[in-house]
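Participant: build me a structure from this.
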Amino acid sequence: MIYDLLAPFYDRFNGDIDYAKWADFIESVIKKEYTEGTPSLVLDLGCGTGSMTLELAKRGYDMTGIDYSPEMLDIARGRGEECGLSDKMLWLCQDMRGFELYGTVDVTVSCLDALNHLVARGDLDKCLSLVHNYLIPNGLFIFDINGKGKFERVYGRETYAMEDDGALCIWQNYYNEKSGICDFYITLFCECEDGRYERYDEEQRERMYTLRMIRSALARNSFEFIGAYSDFDFSTATDNDDRIYVVAKCIKDGKTYGK
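Facilitator: Here you go, the predicted model:
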């Protein structure tokens, strides 16, 4: 799996992301929308190398991080140990579509368009159903998606390259507007100890979800849609935004809340 190979370079390739500012936004959402006292248990779904997991653990939350890549989780675990926060974090190597927890959580977060990777029919509902199952009543689900704007303007049919010491990653994009699927053809060159470079090739996919699709899926899985924002200042999002931050509340009274 390409993310296992990318794990040692992942944070450097994403070095422009301000996780502290993002965590500030999450805490602002919690302050505004969480009605069950003070949350303590938080799930980070699709946690990668644990950047957000660690940032929230520093703020006092007991964290569970779930990711499908063992290599990503190994790095996350090591970072937690280095910071002396191992007792605040539990790591689980599981699929977003079929994960199991030891109990409920107060808040679930999912960052860096993890939900866009749910591309097959029914995948999004499987994930949302499980998130709902493990949230307490009125618990919050805070996540982001790549919007239509990013699929059309940034992904499109462009080719990109990222280089770091010992690694070169090249990916070609092919976005099909009719299907809403973007195929990524990824080539990774990794330097070996003897100076040679090994090449790895893999294909990945993301699905474009409109806000209407997200709201409908949330409603089907008994979430109340709270809002969708284009930035951390709570500006209202539209489908044309590159990244969209969504907030939903877990409802367990058997009702369906809007579409």
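
Participant: roughly how far is the helix or strand Ser216 falls within from the heart of the chain?
Facilitator: For Ser216, the enclosing helix or strand under DSSP states H and E is helix 211-220. Mean-position distance between helix 211-220 and its chain equals 17 Å (CA atoms, centre = their mean, to the nearest Å).

Participant: tell me what angle the very next helix or strand once past that helix forms with helix 211-220.
Facilitator: Proceeding N to C from helix 211-220, the next assigned helix or strand is strand 223-229, under DSSP H and E. Here the directions of strand 223-229 and helix 211-220 differ by 150 degrees (axes from the mean of the first three to the mean of the last three CA atoms, to 10 degrees).

Participant: give me the contact list for strand 223-229.
Facilitator: Contacts with strand 223-229, where a contact means CB atoms under 8 Å, 6 or more residues apart in numbering, come from 33, 128, 132, 140-141, 211, 214-215, 218-219, 234-237, 244-251, 257-258. To be clear about C-beta, it is placed using only N, CA and C from the backbone, and glycine gets the same treatment.

Participant: ok, back up a step: so what secondary structure elements neighbour the helix holding Ser216?
Facilitator: Judged by 3 or more CB pairs under 8 Å, 6 or more residues apart in numbering; DSSP states H and E, helix 211-220 is in contact with helix 123-134, strand 223-229, strand 243-250.

Participant: mind checking the pLDDT average for the longest one?
Facilitator: Taken as a whole, helix 123-134 carries a mean pLDDT of 98.

Participant: just the buried positions in that helix, please.
Facilitator: Residues Asp123, Leu124, Lys126, Cys127, Leu128, Ser129, Leu130, Val131, His132, Tyr134 are the ones in helix 123-134 that count as buried (16 or more other CB atoms under 10 Å).

Participant: go on, the second one?
Facilitator: Of the residues in strand 223-229, Phe223, Glu224, Phe225, Ile226, Ala228, Tyr229 count as buried by neighbour count, 16+ other CB under 10 Å.

Participant: give the contact list for the closest residue to the fourth one other than its chain neighbours.
Facilitator: Using CB to CB, 6 or more residues apart in numbering and skipping residues adjacent in sequence, the residue nearest Ile226 is Val247, 4.1 Å away. By CB under 8 Å, 6+ apart, Val247 lies in contact with Val29, Glu33, Leu140, Phe141, Ile142, Ile226, Gly227, Ala228, Tyr229.

Participant: go again using 6 Å as the cut-off
Facilitator: By CB atoms under 6 Å, 6 or more residues apart in numbering, Val247 lies in contact with Val29, Ile142, Ile226, Gly227.

Participant: tell me which residues form a beta bridge with it?
Facilitator: Taking DSSP bridges as the rule, Val247 bridges to Ile142, Gly227.

Participant: all strands for the protein, in order.
Facilitator: 41-45, 62-67, 89-93, 105-110, 135-146, 159-164, 167-176, 181-191, 197-207, 223-229, 243-250 (DSSP state E).

Participant: just send these back as JSON lines, with distance to Leu54 too.
Facilitator: Output for the strands of the chain, formatted as JSON lines (distance: least, CB to CB, whole Å):
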{"stretch": "strand 41-45", "distance to Leu54": "9"}
{"stretch": "strand 62-67", "distance to Leu54": "8"}
{"stretch": "strand 89-93", "distance to Leu54": "8"}
{"stretch": "strand 105-110", "distance to Leu54": "13"}
{"stretch": "strand 135-146", "distance to Leu54": "17"}
{"stretch": "strand 159-164", "distance to Leu54": "21"}
{"stretch": "strand 167-176", "distance to Leu54": "22"}
{"stretch": "strand 181-191", "distance to Leu54": "25"}
{"stretch": "strand 197-207", "distance to Leu54": "25"}
{"stretch": "strand 223-229", "distance to Leu54": "24"}
{"stretch": "strand 243-250", "distance to Leu54": "20"}
